[in-house]
Structures are given as C-alpha cells and as structure tokens.
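In: sequence and computational prediction follow.
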Amino acid sequence: MGTHSRIPVRNHPKACLCQEIAGKDIALSPICIGQLWIFQNLDAEEIEALSRDALRKKMSKGQALFMQGDPADEMFLIKGGRIKLNKVLEDGAEITLDIRKAGDFVGENMFSEEVEYPVSAYCLEDTLTCGFSKGQFERLVLKHPNVGLQIIKNLSERIAWLTSRVGSLAVTNIEDRLYRVLATVAREHGASSSRGLAIQFPLTHEDLGFLTGAHRVSITRAMKALKRSGKIIHEGKNLILPALNLA
C-alpha cells in the first residue's frame, strides 16, 4: 500500500477541512459523512459528533486505500476522486468488480464480522476520503448509543433493498428485469412529473448492464422494446416511467 496523509478534523463542529486538504486539484462531492445512507435519521448532535471525529486521507492516483486480505478496520466516504475495487480470484486472475466515485462509500465490511477486506481499493485519480477506524467508531457508539441502533435499522433496510435487487436479477426476461431496475431507481431517486416518475440524471447502457447483469447490447434492445410499448418515455434528458407515481 502506498503512503498517504492522515489528518484528523479540527475540534470545531461546523468546520470542514475537506476543501482545504483537497486543494484545487480534487473536485469534492457535497455529500458529507453524516449524509451517508448508513447514518440516516441521526439527530444533529450525533451527526456533529461524526463529523468532528472523522479522519481524512489524501492519496495520489495509483495508491491503494486498502488491499484484499488487509484487516477490515476502516470505512471511507469518497469526498473527491474515484476508486476501483479489484478482486484476485483463486486462479490468480484479477477482476474489477466496481468503480466508485465521489459521494460513494467503501469499506462497509467494517460493520460486519468479516475480519479482512474481500477486495482491494485503488485510487484511479487523486483522492480524498473521510471516515473512521473500527476502534474510533466503537468509542463513538459508546458515547452515542443511538448511533449504533440507527445503523442496525439502516443496515436492515439495505438488506431488504438488496434482496429486492436479487429478486429482479432472477427474472429471466431482460425487458422485465430492466424495467424493474428502472422502477427501483425512479422510486428512490426520481421526481414526480405530469407524465409519471422521471429519472433526471443520465444512465448509460453500460450502467444499466451492470445493474441488470446483462450485456450492453441486450440493454439497447430492451430499451427500444420498452419505448415501443410505452413503458418508458425519453423526454429530453429525462427518462419517464408513466405507470409510476410518487404517491
């Protein structure tokens, strides 16, 4: 693993050092540690404690945040940069499982009983992370027990969501599988419009291929079929699902 700077946050609840540490070369996500899904529904005092105790790491392109087999004792919010998750298989082949961007979360294994990271995390760009060590987090939970309880609830909801995703992947018809994935994205991130729920950010066919477990060419065919049937509508940059509504 390469060297990296490890910088504690100042003891000032409203100050965030990310921009100062990142400098001008790393574009930062507006998402802060207390806004991660795993910390949802905490009160202001608990979020302030999270921010106050967080540690920053500034790393260069090509450095490893952690390696497969390292003790899984830290979690990270990617404040700026991009990270690739690789896994070495039993036959020695190395595959890329995921690429995570600013605003995403890595090292979630810290909350499980896994003792080692199952993947390696490499910086594809100069990167700034904000997070916690396991020991540091356990001390925080002792001071703020509700943080631990809320994380259990949030993890339970995440498991239910992942179970739903697995159910979608089990559908053999690619059009139906793709529509289920689009419906899930629309319900979680979409905005209400006069014609239905609208997904207002770009999703490439490669993104949809990853989410559905299908080849990009199959996604292209399935998207055309869904448009012909009226199940989805392209309106400018928005993708609308007329049958869905936020209500």
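Out: All right, it came through fine.

In: next, name the residue at the spatial heart of the protein.
Out: D104 (3.6 Å; CA atoms, centre = their mean).

In: dihedrals phi and psi, that one?
Out: Dihedral angles of D104 (phi, psi; degrees, to the nearest 10) stand at phi -90, psi 170.

In: and the gap between it and L226?
Out: D104 is 28 Å from L226, where distance means CB to CB, to the nearest Å. The way it works is simple: take the backbone N, C-alpha and C, and place the C-beta from them, glycine included.

In: any idea which helix or strand carries S156?
Out: helix 145-169 (DSSP states H and E).

In: this protein: strands as residue ranges?
Out: For the chain, strands defined by DSSP state E occupy the ranges 5-8, 55-59, 64-66, 74-80, 82-88, 94-101, 105-106, 120-123, 127-133, 191-193, 196-199, 233-235, 238-241.

In: right, and those - which one's nearest L182?
Out: strand 238-241 (6.2 Å; CB to CB).

In: pull the contacting residues for the nearest residue to H215 once chain neighbours are set aside.
Out: Nearest in space to H215, with sequence neighbours left out and distances taken as CB to CB, 6 or more residues apart in numbering, is G209 at 6.1 Å. G209 is in contact with 215-216, 218-219, counting by CB atoms under 8 Å, 6 or more residues apart in numbering.

In: now these in JSON lines, with pLDDT, neighbour count and distance to E138?
Out: Shown next, in JSON lines, are these (pLDDT from 0 to 100; neighbours: other CB atoms under 10 Å; distance: CB to CB, whole Å):
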{"residue": "H215", "pLDDT": "85", "neighbour count": "13", "distance to E138": "44"}
{"residue": "R216", "pLDDT": "84", "neighbour count": "13", "distance to E138": "43"}
{"residue": "S218", "pLDDT": "89", "neighbour count": "17", "distance to E138": "45"}
{"residue": "I219", "pLDDT": "90", "neighbour count": "24", "distance to E138": "43"}
